[in-house]
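Asker: All I have is the shape, not the residue letters:
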């Protein structure tokens, strides 16, 4: 392919709404073009990389005997009514000219379950794993980061159907193995992390996170074992002192006027925040509850939701509600005298002589002790895990915090959707049984940009070989030099016969501009063909990833390129 044959537009300045580097680079290099907020056109280079990711996905899923299909993007609203998901925020709903209610599919659990309930009759029809690569639409309130959080995007979604939980777990592991192969083959540096299922449901789930400093998600991993988890669900490591606790001291009340935050109290008392205790109030299933944490710790809403058995993320009580249940304003509250269930973070288990609010504005209590001064309803893990904590899995390593971009997510769903929609099969005894389900997603367009976010430098993109739009970028410097033209044609033909994809910059531009644009586009190898080099009997070849330069005789270029690209595809 030649530059003059593409719809490639190189923009010199990043757009004002490109918040992260990968978004800037994709727009500047002409890979994507914004049509509307969260909606982008994929131009030639972007589409070529996307198709390579799709082909890797298909190859690995086909190895696992998965079946590809293509379901409609437009879905009847009544399917979503059956599962109780019709009112989720991202669902774009509309009415057609006949007054029928539809929505644009953000995902396809309902549609694929409808297929199964109509087609699967017996245990002999199972197991099945169906997948598609298709456009989705989620009506994001604030689309951002380009393809990372767009409204319209391309996704691979797969769904497994099994006779029982044991078989479903086998399908889950099969898909997990396939995902590892997909992201490894794509040349991405990633982690498999334990995660929260969120609104989609299920009780076993893993995310595949591409490591990148600009990632939206924070990942906790162990420096000794293979444990990794999204910080939303990462269990806190307990670095508690094993020293013998002091004896209970006498409960005392002391004035703390205008000290409404842990930070203010810490400075006034000259005591580290971690040695203070804060009281938070949430609305539980049956009414208000109090949760106590160390002063420097932050409550993790996902853990609070799980422990309290809530269906949605927890809601804080308002100031008026706090005053009603405690008798004081926020900042002066504590557990002593409360008539509501009191939960404590596990890091406070064994804590003695604590400093807490006195439930009287402008006052605190010191030497507060569990059992003597108040009763604990339950100890649980409520806080975000922190760097340096002891790993709960191996009990040896320490936690490390990194950032990642979620590109894949797998869920074991159980019978959440099959029960709601009546997707049953007849077992060996002829009795109807709900199908066990799993679902498995890969954000294909998101993975494309995540790769750029992970692989770039100050000059532009550095494509991993497996998903690069082209393998070789030839910069033709002298368009009227007969030997240069002939050398380019010979190299192009020879490289293509060897299975390599070649892009030729045949513009009437200065060498510096061509080299700058080549770095921006980021193809794995750049070959420079010019009259001066050929007269010296050599061709210049540059590895984009390392900037390493090679001076080669023209007849040796093809062998070098083939060897380099084959190594990158392994």
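Answerer: That came through, no problem. What you see is a predicted model, and the numbers here were worked out from it, not measured in a lab.

Asker: now the strands: where do they sit in the stretch 301-450 of the chain?
Answerer: 342-345, 354-357, 363-368, 378-380, 399-414, 424-426, 432-434, 436-443 (DSSP state E, counting those that start in this stretch).

Asker: Please name whichever of these is nearest to residue 557.
Answerer: strand 399-414 (34.8 Å; CB to CB). Every C-beta, even on glycine, is put in place using the N, C-alpha and C of the backbone.

Asker: by how many degrees do that closest one and strand 436-443 diverge?
Answerer: 130 degrees (axes from the mean of the first three to the mean of the last three CA atoms, to 10 degrees).

Asker: List the buried residues in strand 399-414.
Answerer: 399, 402-414 (16 or more other CB atoms under 10 Å).

Asker: average pLDDT across the host helix or strand of residue 175?
Answerer: Assigned by DSSP states H and E, residue 175 belongs to helix 165-185. For helix 165-185, mean pLDDT is 97.

Asker: same question, stretch 73-90
Answerer: Mean predicted lDDT for stretch 73-90 stands at 95.

Asker: That stretch: end-to-end distance?
Answerer: 14 Å (CA to CA, to the nearest Å).

Asker: buried residues in that stretch?
Answerer: Neighbour-count burial for stretch 73-90, counted by 16+ other CB under 10 Å, picks out 73, 75, 77, 79, 80, 83, 85, 86.

Asker: Out of the buried residues of strand 399-414, flag the one nearest to residue 456.
Answerer: Taking CB to CB as the measure, residue 456 lies nearest residue 405 of the buried residues of strand 399-414, at 13.3 Å.

Asker: What sits closest to the residue nearest the centre of the chain if chain neighbours are left out?
Answerer: When CA atoms, centre = their mean is applied to the chain, the residue found nearest the centroid is residue 406 (1.5 Å). Closest residue to residue 406 apart from its sequence neighbours, by CB to CB, 6 or more residues apart in numbering: residue 207 at 5.1 Å.

Asker: So the one you found sits against residue 440, correct?
Answerer: No: contact criterion CB atoms under 8 Å: residue 207 and residue 440 do not qualify, at 11.5 Å.

Asker: list residues touching both of the two?
Answerer: 408, 409 (CB atoms under 8 Å, 6 or more residues apart in numbering).

Asker: How is this structure partitioned into domains?
Answerer: With domains defined by automatic domain parsing, the chain comprises 48-216+401-453, 252-380, 470-569.

Asker: tell me the most buried of those domains?
Answerer: domain 48-216+401-453 (a mean of 19; mean count of other CB atoms under 10 Å).

Asker: Start and end of stretch 452-463, how far apart?
Answerer: From start residue to end residue, stretch 452-463 stretches across 7 Å - CA to CA.

Asker: Give me the contact list for it.
Answerer: Residues external to stretch 452-463 that are found in contact with it (CB under 8 Å, 6+ apart): 20-22, 25-26, 29, 49, 187-189, 210-212, 214-215, 405, 451, 464, 469, 516, 519-524, 544-545.

Asker: shaky segments in the stretch 201-350 of the chain?
Answerer: 201-203, 238-245 (pLDDT under 70).

Asker: re the thing from before, could you save the domains of the chain as CSV and add columns showing distance to residue 223?
Answerer: Output for the domains of the chain, formatted as CSV (distance: least, CB to CB, whole Å):
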stretch, distance to residue 223
domain 48-216+401-453, 11
domain 252-380, 21
domain 470-569, 27
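
Asker: ok so residue 193 is a strand residue?
Answerer: Yes: applying DSSP: H, G, I helix; E, B strand; the rest coil, one finds residue 193 inside a strand.

Asker: got a list of what it touches?
Answerer: 206, 207, 208, 209, 219, 220, 221, 228, 229, 230, 404.

Asker: For residue 349, see how far away the nearest residue to residue 377 once chain neighbours are set aside is.
Answerer: Closest residue to residue 377 apart from its sequence neighbours, by CB to CB, 6+ apart: residue 341 at 4.0 Å. Applying CB to CB, to the nearest Å, the value for residue 341 to residue 349 is 17 Å.

Asker: Residue 366 too?
Answerer: Distance from residue 366 to residue 349, by CB to CB: 20 Å.

Asker: go on, residue 162?
Answerer: 40 Å.

Asker: do the same with residue 119
Answerer: 53 Å.

Asker: do residue 73 as well
Answerer: 51 Å.

Asker: just residue 434 next, same as before
Answerer: Where residue 349 is concerned, residue 434 sits at a distance of 40 Å (CB to CB).

Asker: Can you give me the pLDDT of the residue nearest to the centre of the chain?
Answerer: Reported pLDDT for residue 406: 95.

Asker: quick one, helices of this structure?
Answerer: Remark: helices assigned in the chain by DSSP state H are 21-28, 44-63, 77-83, 109-119, 165-185, 262-269, 301-308, 319-326, 416-421, 444-454, 482-497, 511-521, 531-535, 557-569.

Asker: Export these as TSV, with columns for distance to residue 134.
Answerer: Listed next are those as TSV, based on distance: least, CB to CB, whole Å:
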stretch	distance to residue 134
helix 21-28	22
helix 44-63	11
helix 77-83	16
helix 109-119	11
helix 165-185	17
helix 262-269	49
helix 301-308	29
helix 319-326	45
helix 416-421	18
helix 444-454	9
helix 482-497	32
helix 511-521	28
helix 531-535	47
helix 557-569	27
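
Asker: Which one, of these, ends up nearest to residue 136?
Answerer: Per CB to CB, nearest to residue 136 of these: helix 444-454, 9.7 Å.

Asker: Quick check: mean pLDDT of the closest one?
Answerer: 97.

Asker: Below-threshold pLDDT in the stretch 1-150 of the chain: ranges please.
Answerer: Applying pLDDT under 70 to the stretch 1-150 of the chain flags the ranges 7-18.

Asker: Please produce CSV containing the buried residues of stretch 73-90, extended by distance to residue 327.
Answerer: Below are the buried residues of stretch 73-90 laid out as CSV (distance: CB to CB, whole Å):
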residue, distance to residue 327
73, 55
75, 51
77, 48
79, 50
80, 45
83, 44
85, 41
86, 42
